[in-house]
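> below are the sequence and a predicted model for it; my questions follow.
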Amino acid sequence: MKGITPKELQQLLHVKADFQLIDVREPEEHTAFNIGGQLIPLAEITKYLEQIEKKNR
């Protein structure tokens, strides 16, 4: 799993890159500003490992 900056996200969206966006913020933050990713709060990430795509890069 890799963290990215808002600018990097903007570039990925612009080129229509194939990626899985996971929003690890808290639900309140997600509600305030939805960046379009799948919401999985960081404290709960281990519960959802099967939903995270694993790709060799």
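That came in fine, so what should we check first?
> buried sites along the helix or strand in which T31 is found?
In this assignment (DSSP states H and E), T31 forms part of helix 27-32. Going by neighbour count (16 or more other CB atoms under 10 Å), the buried part of helix 27-32 is H30. The C-beta positions use only the backbone N, C-alpha and C, and glycine is treated the same way.
> which secondary structure elements does it contact?
For helix 27-32, there is no helix or strand it packs on, judged by 3 or more CB pairs under 8 Å, 6 or more residues apart in numbering; DSSP states H and E.
> pLDDT (mean, whole number) over that helix?
Across helix 27-32, pLDDT averages out at 95.
> flag every buried residue along stretch 18-37.
For stretch 18-37, using 16+ other CB under 10 Å, the buried residues are 22-25, 30.
> run the chain-centre distance for it.
What separates the centre of stretch 18-37 from the centre of its chain is 6 Å, taken as CA atoms, centre = their mean, to the nearest Å.
> now do the end-to-end distance for that stretch.
End-to-end distance of stretch 18-37 (CA to CA, to the nearest Å): 13 Å.
> repeat that for stretch 36-52.
Stretch 36-52: ends 16 Å apart by CA to CA.
> quick check: next helix or strand after the helix holding T31?
Helix 27-32 is succeeded, C-terminally, by strand 38-39 (DSSP H and E).
> residues contacting that following strand, please?
Contact with strand 38-39 is made by 20-23, 25, 27, 30, 51, as judged by CB atoms under 8 Å, 6 or more residues apart in numbering.
> helices along the protein, start to end?
Here the chain has its helices, by DSSP state H, at 6-14, 27-32.
> TSV for those, including distance to P41?
Supplementary listing: these in TSV, determined by distance: least, CB to CB, whole Å:
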stretch	distance to P41
helix 6-14	18
helix 27-32	7
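> for I40, find the nearest of these.
Comparison of the helices of the chain against I40 by CB to CB identifies helix 27-32 as nearest, at 10.0 Å.
> how about the residue nearest the centre of the chain, what does it touch?
Central residue of the chain (CA atoms, centre = their mean): I22, 2.0 Å from the mean position. Residues in contact with I22, defined by CB under 8 Å, 6+ apart, are 1, 37-38, 40, 52.
> cool, thanks, talk later.
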